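K.L.:
Could you work out the structure for the sequence below:
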Amino acid sequence: MTWSNVPGGQPTSSSGDEQRAAAWERGGTTLFPAGRVADRVTTILLLAFGAVMTVVTAVVGVVAVISATATCDAATGCSPGGYLGGTAIAVGGAFVVGVVTVVLAIGAWLRRRTSWWIAAVGFVLAVACVTWGGVVFAQAADHGTASSSVGTA
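P.N.:
Coordinates of the predicted model:
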């Protein structure tokens, strides 16, 4: 905050206007008051957890797709589309939600609003994307297993 947000600027000790001096003290503290510091720290931690979750999901997704499609061919009735789709939903969805969350959180910071709830909603949505992608991947894996075991029995 700046001193210009109080009409008339910084009051002097000789002005005798106690109300204006109190307004100056309230408005002229620091850029990050104690409540804002907690908000910023919470927001940054939630954004960092979301970013780490997205990176871990990407690594696990790539390894899972490689291992699942290694034995996947047309003879067994397997299609790698489900594996790739599930991984794309998990990683892509979490990435898009993360980018939108960062943009909205920075926008809230610039408007001097609380932003922890934006990061919390973004984290929950990223977890939902990862879960949904995991379900799609698991269904593709179960379908591929059922097809190959039925075909060999």
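K.L.:
so where does the residue positioned nearest the centre of the chain fall, helix or strand?
P.N.:
By C-alpha atoms, centre = their mean, the chain has its centre lying nearest to Gly98, at 3.6 Å. Per DSSP states H and E: Gly98 is located in helix 81-110.
K.L.:
so after that helix, what's the next helix or strand?
P.N.:
helix 116-152.
K.L.:
what does the average pLDDT come to for whatever helix or strand Ala38 lives in?
P.N.:
Using DSSP H and E, Ala38 sits in helix 34-69. Confidence over helix 34-69 (mean pLDDT, whole number) is 91.
K.L.:
about what we covered before: how about the residue nearest to the centre of the chain: what's its closest non-neighbour residue?
P.N.:
Residue nearest to Gly98 in three dimensions, not counting chain neighbours: Gly50, with 5.1 Å by C-beta to C-beta, 6 or more residues apart in numbering. Yep, even glycine has a C-beta here, placed from its N, CA and C like the rest.
K.L.:
Report the separation between the one you found and Ala70.
P.N.:
Distance of Gly50 to Ala70, given as C-beta to C-beta, to the nearest Å: 31 Å.
K.L.:
can you check Ala51 too?
P.N.:
29 Å.
K.L.:
Assess the claim that Trp109 and Trp116 are in contact.
P.N.:
No - applying C-beta atoms under 8 Å as the test, Trp109 and Trp116 come out as separate, 11.0 Å apart.
K.L.:
Looks like the residue nearest to Gly98 contacts Val96 (just checking).
P.N.:
No - at 11.5 Å, Gly50 and Val96 do not qualify as touching, with contact defined as C-beta under 8 Å.
K.L.:
Which one of those two is surrounded by more residues?
P.N.:
Legend: neighbour count by other C-beta atoms under 10 Å for Gly50 and Val96, higher for Gly50 (25 against 14).
K.L.:
before we move on, the earlier item: quick check: the residue nearest to Gly98 vs Leu104, distance?
P.N.:
13 Å.
K.L.:
swap in Gly85?
P.N.:
Using C-beta to C-beta, Gly85 is found at 27 Å from Leu104.
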